[in-house]
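Student: Here is my input; please provide its structure:
(2 chains)
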Amino acid sequence: MTTLPLISLRSVSRTYRTDGVAVTAVRNVSFDIAPGEIVAVMGPSGSGKSTLMNMIGLLDLPSEGAVHLEGANVAELSEDRRSSLRARSIGFVFQSYNLLARHSAIENVALPLVYCGISRRERLARAEQSLQAVGMLHRAHHFPRQLSGGEQQRVAIARALIASPLIVLADEPTGALDSRTGAEILALFAALNRAGQTIVMITHDPGIATQCRRTIRLHDGELVSDETIAELLPRRSVAS
Amino acid sequence: MTMLQGFQIALHALRLNPLRSFLTMLGIVIGVASIVTVFAIGSGAQLRLQEQIRSIGANVLMITPGAVYQGGVRLKDGSKLTMTEGDVQAILEQIPEIQAAAGSLAGTAQVIHEGKNWNTTINGTTSGHFMVRDWQLASGRYFSGAEETGAGKVVILGSTVARELFAPGDDPIGAQIRIMKVPLEIVGVLDRKGPAQDDVAFVPLSTAKLRFLGSASNINRDSVAYIIAKVAADGQMAGARAEIESLLRQRHRIPAGQEDDFKVQDPAAAMEAQQGAIRTVALLLVAIASVSLLVGGISIMNVMIVSVTERTREIGIRRALGGRMRDIRLQFLCEALVLCLLGGAIGVAGGITLSMTVARMAGWITSIDGEAIGLALAFSIATGLIFGFYPAHKASKLSPIEALKTE
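Tutor: Just a heads-up that it's a prediction; the model follows:
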């Protein structure tokens, strides 16, 4: 495949300095993500998964190396431009849903469009479509506390999808859910991917990783393997 | 994000905590209400004075009796009528700057017309009075020469008295009224000059003396209570005043070194000075009221800082979903502005209510002008911007990653 990568990481490192001590969370990581892929980023806690996701999601910049989104080096974009790209090109799904408690489901879903300068009428119309896509339209006017965990996560996914992002970034999307609900959410992601949506899912659960065609493994901030399912399946066991 | 969206988000956030929002804006409410009330009372007082100045007329000097000695005892001003009709004539004839002059005698009495009656000031004077005060007729005529010299039974009503005695459609001209049992024919009704001025009935000076005040002991045949005189031009006031003083000292045979038994006053100038004093006091009160706005602003800042801390996670979510730093700043600035504007609006309503209550209960004239309301609202917007900026700026500077980590 020679498609232009959507996301491209080149020798990316991220070092934090706390109380004078430098801690490297991500070290010399390089990989590309092509449009339409579904990728699991795996690793134990502290392996740098979240730092990696913050950089892919334009919330953080690498200390060294470069992150490119559709060919553009994100470090060269202004803070405002990165914010606008987050609104239009990236859909976040968090482990703890991160819905605004005092806003109804539909208002939560419409929130990213506020920052795209879209009128309220259109925001709500598109939020309805998005809720429909995740099967939550009947709960549009409920508040997060009135919804179950799985329902809240569906609303969060609807919110991530509303601006038709280039990529959906999901950080432990099933981490707070029971296994049946988790499986439903994973099935939803699989269906979205079949429809062409690029998805990056961060998880420490090997069961989830097996649902993705491609798995990137991190350990202590370093990339230890990057395999697609075609390679993964015959071998069964993976050395790490 | 647009300003309008900022206000929508702000209103939503403030509605979630109605009590807290209200308590936060209370300082602004009180500050704005006091500013509006002080302005209303202050400009009401000024209006009343302006009306009085206008009603006296431009370039008018007023001569009233001064203190007199009677057998070694010094009596207070005005206890003896020291001016006479002769003085009026002398002032008119001998001082070229004086255009018109009139002497008056005044008292209060009941005015009766058919079933209605009204207590008012009865002013005995000559037609010169209306010239001095530039007081036009609404209908009818002034006194004729014969009525003035011959104690004619005629009366000219101020508009308040006419309104109190006659139904709206009725024409008072030619009607008979009675004052102290004397029947008088109404020959004129005056234009409005102001509520305090219009409650009066004028009769010829000779009529007042002969028919109403003849038996009063301290009045001789020739006395008047006060004289008003009109000076031709503004620049001649001081000169005319000095000439009147010297003329009256001469006529009253006051030796050099002894106190005058009369006073020449320029009422308009005195009132203008009073007006300046009212303005100063009002400004001082506004300054005090502004302290409340300052306190209100600090309270808003305090609550906004707490709110930013409480909503750190929300800020993180909004940043992750594409909110720019300036969007976050705008959101919190809008909240502070909405608090101040709402507080300002409630304050304006409260101030109007308060000043109307004061007007009714204390009987003061109050005047609510757009300028005061505009100023109060401008103050509250400024308060919102100044005290809302720091918390909003603080919110916008939060790192989205750190903000998302907070519980």
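Student: ok but B:Leu184 is inside a strand, no?
Tutor: Yes: secondary structure of B:Leu184 (DSSP: H, G, I helix; E, B strand; the rest coil): part of a strand.
Student: ok, and the closest non-adjacent residue to it?
Tutor: B:Val155 (4.3 Å; CB to CB, 6 or more residues apart in numbering or on different chains). Glycine gets a C-beta too; all of them are placed from N, C-alpha and C.
Student: Please apply the same query to B:Leu337.
Tutor: B:Gly384 (4.2 Å).
Student: how much space between the one you found and chain A?
Tutor: Separation of B:Gly384 from chain A (CB to the nearest CB, to the nearest Å) stands at 22 Å.
Student: Just the buried residues of the one helix or strand that residue maps to, please?
Tutor: B:Gly384 belongs to helix B:370-396 when assigned by DSSP states H and E. Neighbour-count burial for helix B:370-396 flags B:372-373, B:375-377, B:379-380, B:383-384, B:387-389, B:391-392, B:394-396 (criterion: 16 or more other CB atoms under 10 Å in any protein chain shown).
Student: Give me the neighbour count for A:Gly20.
Tutor: If you count neighbours by other CB atoms under 10 Å in any protein chain shown, A:Gly20 ends up with 5.
Student: Check B:Ala40 too.
Tutor: B:Ala40: 26 neighbours (other CB under 10 Å).
Student: Least confident secondary structure element in chain A?
Tutor: helix A:229-235 (a mean of 53; mean pLDDT, DSSP states H and E).
Student: Quick one: the strands in the chain, in order.
Tutor: Went with chain A since none was named. A:7-18, A:21-33, A:38-42, A:64-69, A:72-73, A:90-93, A:167-171, A:198-203, A:214-219, A:222-228 (DSSP state E).
Student: wrong chain, I was asking about chain B
Tutor: Using DSSP E, strands in chain B cover B:60-65, B:68-70, B:73-75, B:83-84, B:98-113, B:116-125, B:137-140, B:154-157, B:176-179, B:182-190, B:200-204, B:223-224, B:226-231, B:262-265.
Student: Redo those strands as JSON lines? Include mean neighbour count, distance to A:Glu70 and mean pLDDT.
Tutor: Putting the strands of chain B into JSON lines (neighbours: other CB atoms under 10 Å in any protein chain shown; distance: least, CB to CB, whole Å; pLDDT from 0 to 100) gives the following:
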{"stretch": "strand B:60-65", "mean neighbour count": "21", "distance to A:Glu70": "86", "mean pLDDT": "89"}
{"stretch": "strand B:68-70", "mean neighbour count": "13", "distance to A:Glu70": "104", "mean pLDDT": "67"}
{"stretch": "strand B:73-75", "mean neighbour count": "10", "distance to A:Glu70": "102", "mean pLDDT": "70"}
{"stretch": "strand B:83-84", "mean neighbour count": "22", "distance to A:Glu70": "100", "mean pLDDT": "88"}
{"stretch": "strand B:98-113", "mean neighbour count": "19", "distance to A:Glu70": "91", "mean pLDDT": "90"}
{"stretch": "strand B:116-125", "mean neighbour count": "19", "distance to A:Glu70": "90", "mean pLDDT": "91"}
{"stretch": "strand B:137-140", "mean neighbour count": "15", "distance to A:Glu70": "85", "mean pLDDT": "92"}
{"stretch": "strand B:154-157", "mean neighbour count": "27", "distance to A:Glu70": "91", "mean pLDDT": "94"}
{"stretch": "strand B:176-179", "mean neighbour count": "18", "distance to A:Glu70": "97", "mean pLDDT": "91"}
{"stretch": "strand B:182-190", "mean neighbour count": "19", "distance to A:Glu70": "87", "mean pLDDT": "93"}
{"stretch": "strand B:200-204", "mean neighbour count": "25", "distance to A:Glu70": "89", "mean pLDDT": "94"}
{"stretch": "strand B:223-224", "mean neighbour count": "24", "distance to A:Glu70": "100", "mean pLDDT": "87"}
{"stretch": "strand B:226-231", "mean neighbour count": "24", "distance to A:Glu70": "88", "mean pLDDT": "92"}
{"stretch": "strand B:262-265", "mean neighbour count": "18", "distance to A:Glu70": "88", "mean pLDDT": "88"}
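Student: looking at it, A:Glu37 is touching A:Ile216, isn't it?
Tutor: No: here A:Glu37 does not reach A:Ile216: they are 10.8 Å apart, not a contact under CB atoms under 8 Å.
Student: Next up, the contacts around B:Met356.
Tutor: Contact analysis of B:Met356 by CB atoms under 8 Å, 6 or more residues apart in numbering or on different chains lists B:Thr366.
Student: Compute the distance between it and B:Thr366, please.
Tutor: 7 Å (CB to CB, to the nearest Å).
Student: quick one: low-confidence parts of chain B?
Tutor: Scanning chain B with the threshold set as pLDDT under 70 gives B:69-72, B:74-79, B:214-220.
Student: can you give me the angle the longest helix seen in chain A makes with strand A:198-203?
Tutor: For chain A, the helix with the greatest residue count under DSSP state H is helix A:179-194. Helix A:179-194 runs at 150 degrees relative to strand A:198-203, counting by axes from the mean of the first three to the mean of the last three CA atoms, to 10 degrees.
Student: If you count neighbours, what's buried in helix A:179-194?
Tutor: A:181-183, A:185-186, A:188-189, A:192-193.
Student: need the residues of the stretch 201-350 of chain B near chain A, please.
Tutor: Taking CB under 8 Å from any CB of the partner chain as the measure of proximity, the stretch 201-350 of chain B contacts chain A at B:313-314, B:316-327.
Student: And the helices in the stretch 251-400 of chain B, which stretches?
Tutor: Under the criterion DSSP state H, counting those that start in this stretch, the stretch 251-400 of chain B contains helices at B:267-310, B:312-320, B:325-362, B:370-396, B:400-405.
Student: To B:Pro96, which of those helices lies closest?
Tutor: helix B:267-310 (21.4 Å; CB to CB).
Student: So which residues on chain A come close to chain B?
Tutor: A:54, A:57, A:59-60, A:79-80, A:83-88, A:92, A:94, A:98, A:100, A:102-103, A:111-112, A:114-117, A:120, A:159, A:163.
Student: Surely B:Ala33 is in contact with B:Gly344?
Tutor: No: assessed by CB under 8 Å, B:Ala33 is found out of contact with B:Gly344, at 9.6 Å.
Student: of these two, who's got more company?
Tutor: B:Gly344 (30 against 25).
Student: How much space separates the closest residue to that one other than its chain neighbours from B:Gln110?
Tutor: Leaving aside its chain neighbours, B:Gly344 sits nearest to B:Ser380 (3.4 Å; criterion: CB to CB, 6+ apart). According to CB to CB, B:Ser380 stands 52 Å off from B:Gln110.
Student: I'd like to know how many residues surround the residue of chain B found nearest chain A.
Tutor: When scored by CB to the nearest CB, chain B has B:Gly322 as its residue closest to chain A, at 2.3 Å. The local packing of B:Gly322 (other CB under 10 Å) involves 26 other residues.
Student: again, but for B:Pro172
Tutor: 21.
Student: Could you do A:Val41 as well?
Tutor: 29.
Student: show me the residues around it that make contact.
Tutor: Counting by CB under 8 Å, 6+ apart, A:Val41 makes contact with A:49, A:52-53, A:200-203, A:215-216, A:218.
Student: now do B:Arg15
Tutor: B:Ser21.
Student: Also the one 3 residues further on?
Tutor: For B:Pro18, no residue counts as a contact, taking CB under 8 Å, 6+ apart as the criterion.
Student: Please report phi then psi for B:Leu321.
Tutor: phi -80, psi 10 (degrees, to the nearest 10).
Student: ok, and the closest non-adjacent residue to it?
Tutor: Looking at B:Leu321 with CB to CB, 6+ apart, the closest residue is A:Pro112, at 4.5 Å.
Student: now do A:Asp32
Tutor: A:Pro5 is the one closest to A:Asp32 (CB to CB, 6+ apart), at 3.7 Å.
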